[in-house]
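A.B. asks: got a sequence here, can you build the structure:
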Amino acid sequence: MKPFAMTALAATLAASPAVAQDNSIAALREQLNQLQARIEQMEKERQAAPRATAAAPANVVTGGDTPGSFKLPGSDTSVQISGYLKLDAIYNRDQDLGDTLFVEGLSTAGGTQDGKFRLHARESRLVVKTSAPNGLRTHLEADFFGASGNEVFSNSDNFRIRHAYGELGGFLAGQTWSNFMHFAAYPATVDFDGPVGVSFLRQAQLRYTFPVGPGSLSVAAENPEGTGFAGAKDSAPDFTARYSWNGANSAIEAATVVRRLAYDSAAGDDATMGYGLLLAGNIGLGPATKLMGGVVWGDGIGRYVYAASGASDGSSGIGAAYIDAAGKLKTIEAYGFNVAASHEWTKKFSSSLSYGQVRGDRPANLFPTSTEKLESIHFSHFYQVADPVTLGFEISRAAKKLQNGDSAHALRFQASAKYAF
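C.D. replies: The predicted structure follows:
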């Protein structure tokens with residue numbers, strides 16, 4: 001038995017160091033695992049720290065949800081500020097038509113000043129847009145074509161509202177372009193006004209737009225304003241409807257307006273209805289050329305055709321209606337059209353040629369000095385010096401004919417420098 005006991009004891013003593021070594025390795029592995037877990041925890045805390053720190057300040061302006069916009073501190077609304085500064089240099093060879101090509105302002109009497117030069121920056125514009133997460137969008141835009149100051153010292157011009165409206169879903173409320181207006185056929189011109197014969201006006205309105213087939217339909221109630229007769233009384237909004245469709249290289253639109261015209265004065269009172277139709281479109285001929293055109297016609301639409309408003313006594317312009325000898329309010333038929341072509345010669349240089357005409361049928365025997373026809377033509381060129389800087393040059397001609405046959409015309413040269421921001 002002694003040999004066996006001695007052998008067992010020897011085996012036990014020999015195994016003891018191995019067991020101790022295994023225990024030490026296990027303990028070391030446990031410590032390494034704990035250290036690794038601690039390092040991973042510290043790394044997670046370090047990565048999370050910048051996010052927590054960045055979100056903490058409440059008085060920091062951050063980037064908005066739309067390109068070029070920002071968010072005010074504590075607000076989810078994105079704000080975008082844009083616009084441009086524009087200098088216009090104008091030379092009127094025949095007679096002065098003002099800071100825009102106001103064709104109705106042509107004098108047929110003669111004796112007007114010719115060769116007049118003018119510099120101004122009244123078209124300069126400021127635009128502020130906002131958008132909120134709930135889909136609400138607002139648009140505020142103004143320029144300096146309000147009442148002018150004098151040119152002796154300050155050359156100041158009043159800031160005036162162009163657009164001021166909000167949109168939510170398909171609803172729009174505020175002042176913007178009329179629903180009865182050329183959009184697809186309005187050419188680019190250096191002159192602020194552009195061609196006659198188009199429908200061109202902004203006014204306060206309530207509008208709803210919804211999809212119909214491949215396009216959209218807009219219906220609106222708009223601010224009324226009777227022109228061309230004394231004692232005009234606006235007792236109901238003008239109602240408009242417009243369908244528009246935009247394709248890959250073409251667009252088409254059709255619109256209608258219905259309005260109530262009325263007068264109330266010491267001479268009597270009466271009312272009648274006016275209405276109008278509009279059709280316009282454009283088409284691209286390749287990647288660089290576009291043709292466009294539009295026609296507008298109506299009975300009693302007056303100011304809805306650009307340059308077709310008239311004096312309240314019927315002495316000038318076209319107007320929407322007139323009062324006959326029996327005290328009845330009679331509507332005036334008017335129509336206008338415009339055609340234009342534009343071409344991009346290079347990525348930086350483009351040109352356009354546009355022509356417009358408007359006619360009215362105010363009775364010549366009653367209003368011999370009222371307008372029968374207005375015409376304008378614009379030959380415009382644009383060169384983009386840099387991304388935000390565009391130079392323009394234009395030759396334009398305006399013509400006017402009265403019901404009694406008197407006529408006048410004027411030639412204008414205009415250059416511009418425009419800096420967008």
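
A.B. asks: list the contacts for Asn179?
C.D. replies: Asn179 makes contacts with 205, 207, 218-220, 222, 240-242, 255, as judged by Cβ atoms under 8 Å, 6 or more residues apart in numbering. All C-beta atoms are positioned from the backbone trio N, CA, C, and that covers glycine.

A.B. asks: kindly supply the ChimeraX command isolating those of those residues that are buried.
C.D. replies: Those of the contacts of Asn179 that count as buried under 16 or more other Cβ atoms under 10 Å are selected in ChimeraX with:
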select :205,207,218,220,222,240,242,255
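
A.B. asks: narrow the contacts of Asn179 to those in helices?
C.D. replies: Among the contacts of Asn179, DSSP state H puts none in helices.

A.B. asks: could you give the mean pLDDT of stretch 39-47?
C.D. replies: Across stretch 39-47, pLDDT averages out at 77.

A.B. asks: again, but for stretch 258-270
C.D. replies: pLDDT averaged over stretch 258-270 gives 93.

A.B. asks: now find how far off-centre it is within its chain.
C.D. replies: Centroid separation for stretch 258-270 versus its chain: 34 Å, with Cα atoms, centre = their mean, to the nearest Å.

A.B. asks: which other residues reach that stretch?
C.D. replies: Here stretch 258-270 has contacts from 224, 226, 229-236, 238-240, 271-275, 300-301, 320-321, 323, 327-329, 331, using Cβ under 8 Å, 6+ apart.

A.B. asks: among those, which ones are buried?
C.D. replies: Going by neighbour count (16+ other Cβ under 10 Å), those have 224, 226, 229, 231-232, 238-240, 272, 274, 300-301, 320-321, 323, 329, 331 buried.

A.B. asks: out of those, which are inside strands?
C.D. replies: Counting by DSSP state E, the part of those found in strands is 238-240, 272, 274, 321, 323, 329, 331.

A.B. asks: which one of these is nearest Leu85?
C.D. replies: Thr240 (33.6 Å; Cβ to Cβ).

A.B. asks: from Ala271, how far out is the closest one?
C.D. replies: As judged by Cβ to Cβ, to the nearest Å, Thr240 and Ala271 stand 19 Å apart.

A.B. asks: Gly293 now?
C.D. replies: Using Cβ to Cβ, Gly293 is found at 35 Å from Ala271.

A.B. asks: likewise Val212?
C.D. replies: Val212 is 33 Å from Ala271, where distance means Cβ to Cβ.

A.B. asks: what about Pro287, how many neighbours?
C.D. replies: Residues near Pro287, counting by other Cβ atoms under 10 Å, number 8.

A.B. asks: for it, phi and psi?
C.D. replies: Here is the backbone geometry of Pro287 (degrees, to the nearest 10): phi -80, psi -10.

A.B. asks: Thr369 versus that one, what's the distance?
C.D. replies: 49 Å.

A.B. asks: cool, Glu43 as well?
C.D. replies: Where Thr369 is concerned, Glu43 sits at a distance of 88 Å (Cβ to Cβ).

A.B. asks: okay, these two: which has more neighbours?
C.D. replies: Thr369 (16 against 10).

A.B. asks: isn't the more buried one right next to Gly317, touching?
C.D. replies: No. Counting by Cβ atoms under 8 Å, Gly317 is not a contact partner of Thr369; they are 9.9 Å apart.

A.B. asks: tell me how many other residues crowd the residue nearest to Ile301 when sequence neighbours are not counted.
C.D. replies: Closest residue in space to Ile301, ignoring its immediate chain neighbours: Gly276 at 3.8 Å, by Cβ to Cβ, 6 or more residues apart in numbering. By the criterion of other Cβ under 10 Å, Gly276 has 26 neighbours.
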